[in-house]
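[1] mind looking at a prediction? Sequence and model below.
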Amino acid sequence: MRKLLLPSLIIIVASLLVLRLFYLQIIDDSFKLKSDNNAIKIKYDYPERGYIYDRNGVLLVANQPSYDIMVIPRDIKNIDTLEFCQLLDITKEDFLKKIAKAKVYSPRLPSVFLPQLNKSEFAAFQEKMRKFEGFYFQKRSLRDYQVNFGANVFGFITQVNEKQIEKNPYYNSGDLIGKQGVEESYEEILRGIKGVKYYQKDKFNREIGSFKDGKYDTIAVQGEDINLTLDMVLQQYGEELMVNKRGGIVAIEPSTGEILALVTAPSYDPAILVGRQRSKNYTLLYRDSIAKPLYDRGLLAEYPPGSPFKILTGLVGLQENVIELNTTFMCNHGFAYAPGRFQGCHCGGGARDLHVGIYKSCNAYFSNVYLRTIGKYASAPYAVDVWSNHVKSFGLGQFMGYDLPTGKKGKVPTSKTYKKMYPDWGWSGKTIISNAIGQGEVLMTPIQLANMMATVANRGYYYTPHIIKKIEGHKIDSKFTTKHVTTIDKKYFEPMISGLFDVYNMGTAAGLRVEGIDICGKTGTAENFAKIDGKRTQLEDHSIFVAFAPKDNPKIAIAIMIENGGFGSTIAGPIASLMIEKYLRGKITRTDLEKRTLERSLQDRYAKLGGLSEVVKREMRRKDSILKKKTAILLPKIDTTKSN
């Protein structure tokens, strides 16, 4: 038997090799296609990208025709360079650089010489194109934005680079790819599948017909349309309210985790990154290192959460049974937590329980709760990890898994954090007491703040925030329909929500009430430091506000962060009330708040940090002009003597 094993193996392997060679040489002639490549011209047929709609079916992003001038360097012969450059409005230097770049890619393969010409730009060149051997045009579609907002959500289209080509063989030099936003996240869905046609060439390099009667040709398949969770009206309104301000707004539907609005400011009109000026405009935006219009503050900016974090401090205290609802602490306009250590408070002073502590935002109350939480266990490191795990169960301190290509984890400190910070001596709850009021080592992004409020609105659970609502013929990823339950018992949320409700009735946001809408919210400020002329300088505090509404069966949870905005009730709070009313009612009754917010500019504060790019200045002037027209319509209807 053993004697037969080796000969049998040899016969089997030899047979497989013979069959494979027969298949490759006789049946499959794809390798012949490659070997004949010098005599074959390849043309790609680029499909339209899928359209993008909002949650209500309103078209946001469509397509428009565009033309790329393609070049095969080896085929260029005796052209009038001066006339060519004049037709395309480029310099001879540009011409030589582009040809050199094309040769580096491949002398015999086509590459993009000049991309994204519109109809009028292409018309003049088309008439004389026959004079320029080695050049031809490739028709494709570019984005046609139906709105002038939402740039951070959509992203943009750009040419692939060499690394992307190496990573993904689908792409060739000059192909377009989605970058940032949903264009990047859903690139494979939106791009479709490009078609390929092979043409036979004769010895004079002339096309003589389809190669193999089109055997290898494929047709283009249009990209699939998608519906976003975005509410177009709410998104636009949020961007209008943020003109001349910096920061982020995130609104979420608590029952689904769907993102209703994702605003970053300053922003830009997405149309400026389409066409021949795209590269120039992108460079201007990219180089603006102060205002950072390409920086999505709603997803990337990490801030100390300030007083909204007291919500979690209170919930963890209840869960750990270190306080009850009627537990009171005395506030003496602050809290002396150690000899020579005093934490100030603006609540007015007096005995505070959980309910009053929330709606008056008492620092002393929540600092005492935090000290009891950390002091519950014999080991402070163990206690901090217990506290940290409770906080993280709200989706904090981690990448949240949403379907946008950028984000930051924020920070929830653990015992490891403090072991690094204090390696040579011990620490206790008093050492890290600033965590109690969101001013310690805790950092959160606006989307994390909004998700925290959605979790509170749901009484203890959340769905991963996401921007996709529907893709025809596809199921939405199951991770967006999976419920995440916190470590806090459901029974503890109701008393916390009662306190948040009274923030609007008798607390720090009493002046922001909207008649007929039960809003639960929390004001906040966060200290803000920046390096100016090499020195650490304290600037105006960041303005923070979180809210959800209605109190029962909530439809929207929202977080607003305004850089250098001051108290939470001054700028962030009004924006929250306005956006909640806009979403729930479709109109605004608090026109006093609207007028004041639209007209409020923080540019004088930002001037201390440096200027804006020319593109951002132009965008702000454009949006400011639109707002002036809108407020001009509003003004006759407003009785300013009755404004709050």
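    That came in fine, so what should we check first?
[2] let me know the pLDDT of the closest residue to residue 363 other than its chain neighbours.
    Counting by C-beta to C-beta, 6 or more residues apart in numbering, residue 363 lies nearest to residue 345, which is 4.0 Å off, once chain neighbours are set aside. For the C-beta atoms, the positions are set from N, CA and C on the backbone; glycine is no exception. As summarised for this prediction, residue 345 has a pLDDT of 84.
[3] contacting residues for residue 345?
    331, 333-335, 362-364 (C-beta atoms under 8 Å, 6 or more residues apart in numbering).
[4] can you redo those residues as CSV, where the extra columns are distance to residue 297?
    Converted to CSV, the contacts of residue 345 look like this (distance: C-beta to C-beta, whole Å):
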residue, distance to residue 297
331, 34
333, 34
334, 32
335, 32
362, 29
363, 27
364, 32
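[5] show residues contacting stretch 103-116.
    With C-beta under 8 Å, 6+ apart, stretch 103-116 has contacts from 38, 42, 66-74, 88, 90, 98-99, 101-102, 135-136, 138, 142, 159, 173-174, 274-276, 278.
[6] hmm, I typed the wrong one, I wanted stretch 176-186.
    So stretch 176-186 is contacted by 46, 52, 140, 151-160, 164, 171, 187, 190-191, 226, 228, 294, 403-406, 467-468, 471 (C-beta under 8 Å, 6+ apart).
[7] returning to that earlier point: how much space between the residue nearest to residue 363 and residue 329?
    11 Å (C-beta to C-beta, to the nearest Å).
[8] also residue 172?
    Taking C-beta to C-beta, one finds residue 172 at 68 Å from residue 329.
[9] more neighbours, those two?
    Each of residue 172 and residue 329 has its neighbours counted (other C-beta atoms under 10 Å); residue 329 has more, 20 against 17.
[10] contact partners for the more buried one?
    Per C-beta under 8 Å, 6+ apart, neighbours of residue 329: 351-352, 357, 364-365, 368-369.
[11] residue contacts, residue 500?
    311, 358-359, 456, 520-522.
[12] distance of the closest residue to residue 590 other than its chain neighbours relative to residue 250?
    Using C-beta to C-beta, 6+ apart and skipping the chain neighbours, the partner closest in space to residue 590 is residue 514 (5.9 Å). Distance of residue 514 to residue 250, computed by C-beta to C-beta: 20 Å.
[13] residue 43 now?
    Distance from residue 43 to residue 250, by C-beta to C-beta: 45 Å.
[14] one more: residue 332?
    Where residue 250 is concerned, residue 332 sits at a distance of 37 Å (C-beta to C-beta).
[15] those two - which one has more neighbours?
    Higher neighbour count among residue 332 and residue 250: residue 250, with 30 against 11, using other C-beta under 10 Å.
[16] what's the helix or strand for the more buried one?
    strand 247-253 (DSSP states H and E).
[17] and the contacts of residue 500, which of them are in strands?
    The strands in this structure, assigned by DSSP state E, contain 520-522 from the contacts of residue 500.
[18] who touches residue 121 in this structure?
    67, 88-89, 276.
[19] among these, which pair sits farthest apart?
    67 and 89 (14.2 Å; C-beta to C-beta).
[20] neighbour-wise, which of the two wins?
    residue 67 (21 against 12).
[21] against residue 185, how distant is that one?
    According to C-beta to C-beta, residue 67 stands 28 Å off from residue 185.
[22] strands of the stretch 301-450 of the chain, residue ranges please.
    329-331, 334-338, 341-344, 350-352 (DSSP state E, counting those that start in this stretch).
[23] could those go into JSON lines alongside distance to residue 574?
    Formatted as JSON lines, these follow (distance: least, C-beta to C-beta, whole Å):
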{"stretch": "strand 329-331", "distance to residue 574": "27"}
{"stretch": "strand 334-338", "distance to residue 574": "28"}
{"stretch": "strand 341-344", "distance to residue 574": "25"}
{"stretch": "strand 350-352", "distance to residue 574": "27"}
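[24] looking at those strands, which has the lowest confidence?
    strand 334-338 - the lowest mean pLDDT of the strands of the stretch 301-450 of the chain, at a mean of 78.
[25] list the buried residues for the strand ranked longest in the chain?
    Longest strand in the chain by number of residues (criterion: DSSP E): strand 535-549. By neighbour count on 16 or more other C-beta atoms under 10 Å, the buried set for strand 535-549 is 539-549.
[26] again, but for stretch 167-185
    171-185.
[27] now do that stretch: distance to the chain's middle.
    The chain centroid and the centroid of stretch 167-185 are separated by 18 Å under C-alpha atoms, centre = their mean, to the nearest Å.
[28] endpoint to endpoint, it covers what distance?
    17 Å (C-alpha to C-alpha, to the nearest Å).
[29] just the mean pLDDT for that stretch, thanks.
    Stretch 167-185 comes out at a mean pLDDT of 89.
[30] over to stretch 550-560?
    For stretch 550-560, the mean per-residue pLDDT is 97.
[31] span of it from start to end?
    18 Å.
[32] following element in sequence after the lowest-mean-pLDDT helix or strand in the chain, please.
    Lowest by mean pLDDT, DSSP states H and E among the helices and strands of the chain is helix 30-35, with a mean of 47. Reading on from helix 30-35 to the C-terminus, the next helix or strand found by DSSP H and E is strand 40-45.
[33] from the contact counts, what lies against that following strand?
    Judged by 3 or more C-beta pairs under 8 Å, 6 or more residues apart in numbering; DSSP states H and E, strand 40-45 is in contact with strand 195-201.
[34] just want the angle from the strand it packs on to strand 40-45.
    Interaxial angle, strand 195-201 versus strand 40-45 (axes from the mean of the first three to the mean of the last three C-alpha atoms, to 10 degrees): 150 degrees.
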